[in-house]
Every structure is written in C-alpha cells, then in structure tokens.
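Student: One predicted model, sequence on top.
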Amino acid sequence: MDKMVCKFGGTSLADGNNIRRAAEILLADPARRFAVVSAPGKRFSGDVKVTDLLYASSEECIATGHCGEAFSAIRKRFRSIVEELGLDLDIGRILDETQAGIERERSADFAASRGEYLNARIMAALIGWEFVDAKDIIFFDGRGQFDEARSYPRIASRLEEAGHAVIPGFYGTGADGKIRTFSRGGSDISGSIVARAVNADVYENWTDVSGFLACDPHIVGNPQKIELISFKELRELSYMGANVLHAEAIFPVRKGDIPIKIKNTFRPEDAGTLILPSKKYTPHGNTVTGIAGKKDFTVIFLEKSLMNSEIGFACRALSILERERINFEHMPSGIDTLSLVIESRYLQGGVLERLIAAMREELAPDYIRVSEDIALVATVGHGMAKSIGTSARLFAALSEAGVNVRMIDQGSSELNIIVGIDNADYERGVRAIYHEFFEK
Ligand code: ADP
Ligand code: ASP
Ligand code: MG
C-alpha cells in the first residue's frame, strides 16, 4: 500500500474547526501515515499568526525576563482550540511548561518552535496517533545546515516504530543541543524531509488554495490552476516568490524522486497540483507554466571597452561581492557590459557605496550605473524552448502595458525568461504577461 506524508499549513490549522477538518482528511485514507503540522495561522484577514505572537513573546521575555501580554494571546488561542475540539488534554499544564521553557531558554528559535509543538500535541491527541517530537529526529550540523546523515536514519527508525505519527514542523535540534528553526514557512521543509526519510510514495502538502496557480492570486484574480508541473519549474517559481511551497522544500523529495501533491484543505475533492520529478514528467501543451516575481532588487550595471577580452573581469567583480559576503541573484552580460542583480536588503547601511567604490578602483570600468527599486519577474515553462517567438510575445505584452524593461536574463536551459522592471510596474507587468499567455 502507498505511504503518504501529509503536511498541513497554518491556515489549514488556524482554529478547532479547521483542525478537525484536517484530522478527517488524515483519517480518510489509510495510506496517510505521518502528519507534519504548522502552527495555527491567520483565522481572518488582520489576525496574527501564532508564530508571530511567539516571536513577540520571545522579545518581551528577553527584554523583561517574563512572558507578558503576547503569551496571554497564545494561551487564549490554544485554550479555545482545545475547547472547540472538546479534547481531554491538560492544555493549561502544557502551556505553563511552554511558558517556563520560553523564559528559561531566552531563544527566539525555541519560542517560535512552540506553535508547531503545541499544534502537534493537539492533533496527536485528537486522532490518537503518537506525537513524535521533531527535536528527537531532525538535526542541524555545526554550520546550521540540515544534517541528513544524522537525521534520516533516526526519522526512519523512529517513525517505523510508531506506525502512525504527528510531527511538529519548522524545527529540530542544533549542533549545540538547542532547538533551532528553519526559515519562515519551514514546515514545508520538515514535511519534505520526513517524506524522504520514510521513502513515501507521495508528499501531500495541504494548504488553502487548490494547487499551484499560474501566478499570485493577489495580483490576478482567479488565475488558472497548474495541474502538472516539474521539479525544475517548481524550483524556478518558488525561488522567485511563488510562496505556496518554501523554496527549499523541494530538495529532500527531489533526491528521493518523491512526487509532491498540493491540495486544498477546504476543498479536498479538488485534484490539486501534481509536482513530478523531471524524469517522470512529460511536458503538456502550455508554452508558459507559471509566472512569479519579487520586488526590491538593485542592479549594478558596468560597462568597459574590450571587457570581453579582459581575463578575469567577472571573477574580480564577484570577488568584491564575496568580500562583502553578498549573494548575487543574476549576472546578465553583453560583450562589453555586465550587470549584477542583488537583493536591495543586502546593500543597506553604506554597503552599496562601498561596493561601488571598490568596483571603480579594482575594475576601472568606463561607466557604472545603479538602478534601485527593481522587481524581477520570472516567466517559466518547459514549453518555452519549443515555441518560437515566446520572448517576442512577452516583450510586446510588456511594452503594450507601458512597462519599461530594465534588464533581461534568459536561462540557458530556456526554462525561464527573467525581466527586471520598476517596482512600481510590478503588478501591471505580471498581469500583462499572464494575459498574453493564459487569456488569449
Ligand atoms: P500554508 O499556511 O498552507 O503554508 P502559505 O500561505 O505559505 O500556506 O501558501 C499558500 C498561499 O500562497 C496561498 O494562499 C496564496 O495566497 C499564495 N500564493 C502565492 N503565489 C501563489 C501561486 N502561484 N499559486 C498558489 N498560491 C500562491
Ligand atoms: N509557523 C512557521 C511560520 O509561520 C512555519 C510554517 O508555518 O511553515 O513561518
Ligand atoms: Mg507555507
């Protein structure tokens, strides 16, 4: 029989009613053996996620030595969940222990992890599955990276022994023995790790939309759903901001060739999106699979006559970034030009000025121009390599919408075309590309 690992996101577990719905989904199919849960998310627009309350509580505790108001709100949330579910669980005692833990540890990671911990305790009590704490099975190494060698065998043997289990997402144990979290949205990574460790047939990711959509639903109302997508396309789209799935969640399942299914907790009957390893994926009809993007980049444009014949020019440019410990996102180049696209948040507090001074001195360019407030939009699809004129259509659509293209980078795999446009044009640009490829 198939073995499935199911991760439920914060909105899917925001209150007692939703938790009950998720429980029904888990119990509806005997192949669903292991559940990975997030902390309760927003119940309505304007609500605060439990994880955010926990970060606030941690700050309060570090400043004053005690959990104050923020923790009272957390108590209320969990008490009402347990009440709504009519659970026989001593949540008062568990919350007291949690508060004592936050006051003792004085660590933001520890505090933030408690939302997942508490929700997993509740789900386990509700469905009668064993609670297996992520701290005992997921480990990080001394550099703070997920420690595969230590974690996978532990997860596999512990979960084999449990048969069925609920595991809190988002955290594990660091090399110093203390609780450590992944980055925000990291329960998707925990789910993927568990799926790989138990060699699941499918990793089900239950959220609040009926699958991966062709673009952000906040920008285009009711975009087309993507039925099938490859890991490569997913990587491009989630890295570029389609935050249905954490950008790093793909790696564990990709190594194990385990398909991911995105499903809607509120409409379980919907087919959702199937994400397949590239070797199991056959491209479908569409030229473009999806569009995603992010704002707030800076482009440093360098021009120098005969740059192409100056050995080591790009290498020296990148070593300046390396010295400042800065990642670059893209590096489109021409014969005598090179652009570096960098997230603007890395360039605050005088860093940009230092970089430019170093580039002037060490690279002696003829010309440097800095463009700030740039958004990147990625148009992604295996189909693009086969259709002639895709980029012409894309640029015509942007130009008709009055969007000025500031930078272009087409990946050599022809899987994506990335354009840099002004932040102010971002939504308009995404709508124009969507309209061109999905509504004509
Ligand atoms: P969860 O709490 O289940 O982890 P997230 O909020 O992290 O859910 O991710 C789901 C949300 O991602 C959706 O509600 C939607 O608003 C947003 N989103 C952004 N881009 C896309 C996209 N291309 N397809 C689907 N959802 C998207
Ligand atoms: N609760 C965590 C967050 O809000 C992790 C997650 O939901 O995946 O980021
Ligand atoms: Mg998420």
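Tutor: Arrived safely. Ligands and ions are numbered 1, 2, ... in the order given.

Student: Around ligand 1, pick out the residues from the protein.
Tutor: Residues of the chain lying close to ligand 1 (Cβ under 6 Å from any ligand atom) are 9-12, 38, 41, 185, 207-209, 212-213, 215-217, 242-244. To be clear about C-beta, it is placed using only N, CA and C from the backbone, and glycine gets the same treatment.

Student: Swap in 8 Å and give it another go.
Tutor: Residues of the chain lying close to ligand 1 (Cβ under 8 Å from any ligand atom) are 8-12, 38, 41, 185, 187-188, 205-209, 211-218, 223, 226, 237, 241-246, 262, 265, 290, 292.

Student: Turn the buried ones among these into a named PyMOL selection, would you?
Tutor: Selecting only the buried entries of the residues of the chain next to ligand 1 in PyMOL, with 16 or more other Cβ atoms under 10 Å as the criterion:
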select buried, resi 8+9+10+11+12+38+41+185+187+188+205+206+207+208+209+211+212+213+214+215+216+223+226+237+241+242+244+245+246+262+265+290+292
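
Student: Tell me if I am right that Phe328 is in a strand.
Tutor: No - under DSSP: H, G, I helix; E, B strand; the rest coil, Phe328 falls outside any strand and is assigned coil.

Student: Hmm, it is touching Leu318, no?
Tutor: Yes - contact criterion Cβ atoms under 8 Å: Phe328 and Leu318 qualify, at 7.2 Å.

Student: What segments of the stretch 1-150 of the chain are helices?
Tutor: For the stretch 1-150 of the chain, applying DSSP state H, counting those that start in this stretch gives helices covering 16-28, 50-64, 69-85, 91-105, 108-127, 148-162.

Student: For ligand 2, find the nearest of those helices.
Tutor: Closest of the helices of the stretch 1-150 of the chain to ligand 2 is helix 50-64, at 3.6 Å (criterion: Cβ to the nearest ligand atom).

Student: ok, and for that closest one, which residues are buried?
Tutor: Going by neighbour count (16+ other Cβ under 10 Å), the buried part of helix 50-64 is 50-58, 60-61.

Student: Any stretches of the chain with poor pLDDT?
Tutor: Residues of the chain meeting the criterion pLDDT under 70: 1, 412.

Student: neighbours of Asp2, just the number please.
Tutor: 11 (other Cβ atoms under 10 Å).

Student: swap in Ile335?
Tutor: Residues near Ile335, counting by other Cβ under 10 Å, number 9.

Student: Now do the closest residue to it other than its chain neighbours against ligand 2, distance only.
Tutor: Computed as Cβ to Cβ, 6 or more residues apart in numbering, the closest residue to Ile335 that is not its neighbour in sequence is Asn308, at 5.0 Å. The spacing between Asn308 and ligand 2, counted by Cβ to the nearest ligand atom, to the nearest Å, is 45 Å.

Student: Help me confirm that Asn308 is found in a helix?
Tutor: Yes - under three-state DSSP, Asn308 sits within a helix.

Student: Can you tell me how far the closest residue to Thr265 other than its chain neighbours is from ligand 2?
Tutor: Once flanking residues are discounted, Thr265 sits nearest to Ser12: 3.8 Å by Cβ to Cβ, 6+ apart. To ligand 2, Ser12 is 10 Å away according to Cβ to the nearest ligand atom.

Student: Quick check: the residue nearest to Ile335 vs Ile408, distance?
Tutor: Asn308 sits at a distance of 18 Å from Ile408 (criterion: Cβ to Cβ, to the nearest Å).

Student: next one: Gly86
Tutor: Per Cβ to Cβ, Gly86 is found 58 Å from Ile408.

Student: more neighbours, the two?
Tutor: A direct count of neighbours by other Cβ under 10 Å for Gly86 and Ile408 places Ile408 higher, at 15 against 9.

Student: Where does the more buried one fall, secondary structure wise?
Tutor: Taking DSSP states H and E as the criterion, Ile408 maps to strand 405-410.

Student: how about that strand: buried residues?
Tutor: Using 16+ other Cβ under 10 Å as the test for burial, strand 405-410 gives 405-407, 409-410.

Student: So which residues of the stretch 201-350 of the chain form helices?
Tutor: When secondary structure is read from DSSP H, counting those that start in this stretch, the stretch 201-350 of the chain shows helices at 231-239, 250-255, 313-323.

Student: Please name whichever of the ones you listed is nearest to Lys386.
Tutor: Closest approach to Lys386 among these is made by helix 231-239 (14.2 Å; Cβ to Cβ).

Student: Going by contacts, tell me the helices and strands next to that closest one.
Tutor: Under the contact definition 3 or more Cβ pairs under 8 Å, 6 or more residues apart in numbering; DSSP states H and E, helix 231-239 sits against helix 250-255, strand 273-276, strand 290-303, strand 367-380.

Student: Name the residues that touch the first one?
Tutor: Applying Cβ atoms under 8 Å, 6 or more residues apart in numbering, the external contacts of helix 250-255 come out as 189, 192-193, 195-196, 203, 231, 234-235, 238, 259-260, 277.

Student: Run through the residues of the stretch 151-300 of the chain sitting next to ligand 3.
Tutor: Proximity of the stretch 151-300 of the chain to ligand 3, by Cβ under 5 Å from the ion, involves residues Gly185.

Student: hmm, try it at 8 Å
Tutor: Selection of the stretch 151-300 of the chain residues close to ligand 3 by Cβ under 8 Å from the ion yields 185, 187-188, 207, 243-246.

Student: what number of residues lie near the spatially closest residue to Ser230 that is not a sequence neighbour?
Tutor: Once flanking residues are discounted, Ser230 sits nearest to Tyr281: 4.1 Å by Cβ to Cβ, 6+ apart. For Tyr281, the count of nearby residues is 18 (other Cβ under 10 Å).
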